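Visitor: Quick check, what structure comes out for this input:
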Amino acid sequence: MIQAKLNIHEEVRWNKIKTYIIISLFIFIIAILGYFLGILYGTPIFGFGMAIFGAIFYTIIMYAQGSSIILKTTGAREATKREYPHLFHTVEGLAIAAGIPTPKCYVIDDTALNAFATGTDPKNASVTVTTGLLNKLNRQELEGVIGHEMSHIKNYDIRVMLITAVLVGITILLSDFIFRSFLWGGHSRERKEGGQLVIILIVVAFVLAILAPIIGEMIKLAVSRRREYLADANGALLTRNPDGLASALEKIKADPDPLVDHANKATAHLFISTPFRKTKGFVTGLFATHPPIEERISRLRAM
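Guide: Have a look, this model is predicted:
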């Protein structure tokens, strides 16, 4: 148990480090894209500067307001203790066990079985569950799900995933702008003169515009999938009952209508399970936001 606690503290430390690494990596990618965008218009340094400034400004805004935007986007409403006393008692009890402030509780009116946590740190976090989850899970299963989400909060996963999602969005927007500029033609004097070096750089910009969002999305998804395994394990440690979460995941897997109506690709990685209808295939697996639910259940049953 002591070793497990040390591992959790180590995970928190690494999540904080990863936050800075991810920010640095994406700012580097964004700077490169901005530089090549500037080449298309004859002012590389200006493009570089504007890309960095825009990325920092957008990240600050989204860091401050991202959680509120996510809650509004998913159709979540703040729950009341009178309406959902069992949810509040479960969240309060597990927050005390985790040693963190009690997160706010939100509910999505949807028959799908799902949940997610969001925020920037344990002091500014919330847990959201669907009404379908509340109606279908028993007490131990609900504790398992809330324990999983509480682990995301305690380990600062919520901050890592929020910032990653924001920076992937910036990369996609900037890449799309470069792609459109390439198609419709930049206005630089050098491009009109057809200098060989400039043509090569433009081709590189075109390739980057295609690959950057794909690379960024794969980084985000890879981080997300790894986080789910760790949150399952830490959640089981928190509740002292891995079977509770395993049983909840089995019910989620068997849900005939897993689609959360207001979920989208920008928020899908936050949920405990993919909030879309199930599809199969190599490409689907490559860009999956979550590891196979069967594997998660198997790992929990083996604890």
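Visitor: Just list the residues touching the nearest residue to A246 once chain neighbours are set aside, thanks.
Guide: Leaving aside its chain neighbours, A246 sits nearest to L300 (3.9 Å; criterion: C-beta to C-beta, 6 or more residues apart in numbering). No exception for glycine: its C-beta is placed from N, CA and C like everyone else's. Counting by C-beta atoms under 8 Å, 6 or more residues apart in numbering, L300 touches D232, A236, P242, D243, L245, A246, L249.
Visitor: Under a three-state scheme, what state does the residue nearest the centre of the chain occupy?
Guide: Nearest to the mean C-alpha position of the chain, by C-alpha atoms, centre = their mean, lies M161 at 3.8 Å. Assigned by DSSP: H, G, I helix; E, B strand; the rest coil, the conformation of M161 is helix.
Visitor: Pretty sure it sits against H269.
Guide: Yes: using C-beta atoms under 8 Å, M161 is in contact with H269, at 6.1 Å.
Visitor: Would you mind writing the PyMOL command to select the buried ones in the contacts of L300?
Guide: Applying 16 or more other C-beta atoms under 10 Å to the contacts of L300 leaves a buried subset, and the PyMOL line that selects it is:
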select buried, resi 232+236+242+245+246+249
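Visitor: can you redo the contacts of L300 as JSON lines with secondary structure?
Guide: Conversion of the contacts of L300 to JSON lines gives the following (three-state DSSP):
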{"residue": "D232", "secondary structure": "helix"}
{"residue": "A236", "secondary structure": "helix"}
{"residue": "P242", "secondary structure": "helix"}
{"residue": "D243", "secondary structure": "helix"}
{"residue": "L245", "secondary structure": "helix"}
{"residue": "A246", "secondary structure": "helix"}
{"residue": "L249", "secondary structure": "helix"}
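Visitor: Which pair of the contacts of L300 spans the longest distance?
Guide: Farthest-apart pair in those is D232 and D243; separation 12.2 Å (C-beta to C-beta).
Visitor: Where does the residue nearest to A246 sit: helix, strand or coil?
Guide: Under three-state DSSP, L300 falls in the helix class.
Visitor: and if you look at G75?
Guide: Applying three-state DSSP: G75 is coil.
Visitor: so for the helix or strand that A64 is a member of, what's the average pLDDT?
Guide: Using DSSP states H and E, A64 falls within helix 44-73. Averaging pLDDT along helix 44-73 gives 82.
Visitor: With stretch 20-30 instead?
Guide: The average of the pLDDT scores along stretch 20-30 is 75.
Visitor: Please apply the same query to stretch 294-303.
Guide: Averaging pLDDT along stretch 294-303 gives 89.
Visitor: So that it lines up with my notes, have the first residue be 288 from now on.
Guide: Got it, first residue is 288 now, which makes that one stretch 581-590.
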